[in-house]
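S.K.: predicted model and sequence below, questions to follow.
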Amino acid sequence: MLKHTMRQLKLVVPCGLITYWCSTISEFRHVLEGDGGWARGCAFGSIGMATMTVVLFLYVMLIPWREGVNPNFRAWRESKTLSVVIPVREDSSVAPRTQCRLEC
């Protein structure tokens, strides 16, 4: 599990640094504090979906600790837990981008 978690963190840390360097948080806050409209609605929707993505990601990472068994990620469709969590997590990470492109 530690090896898989470290591999995932190698992706999270550089993305966090790039987000900080590009001042994405302050720009996002500017949109949230704006006068409304589609951009603000999309921003609130993306916050909700991003929160769901992070929670489900952490849930998948903690499955081995909770159940005491390492899940087979290659055969995730055959797992009772992963066959539900993974599609929902993927939808929650893709939906905000698609929704904002269509509506904004």
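M.R.: Now that the structure is in, tell me what you want to look at.

S.K.: do a quick rundown of the helices in this structure.
M.R.: Along the chain, the segments classed as helices by DSSP state H run 2-21, 24-32, 38-67, 82-103.

S.K.: what is the rounded mean pLDDT of the longest one?
M.R.: Right, helix 38-67. pLDDT averaged over helix 38-67 equals 81, rounded to a whole number.

S.K.: tell me who's in contact with residue 76.
M.R.: Each residue near residue 76 by Cβ atoms under 8 Å, 6 or more residues apart in numbering is listed here: 82-83, 86. C-beta coordinates here come from the backbone N, C-alpha and C atoms, glycine included.

S.K.: quick one: contacts of stretch 13-29?
M.R.: Outside stretch 13-29, the residues that touch it by Cβ under 8 Å, 6+ apart are residue 43.

S.K.: wait, stretch 49-60
M.R.: Where contact means Cβ under 8 Å, 6+ apart, the residues beyond stretch 49-60 that reach it are 8, 71, 82, 85-86, 88-89, 92-93, 95-96.
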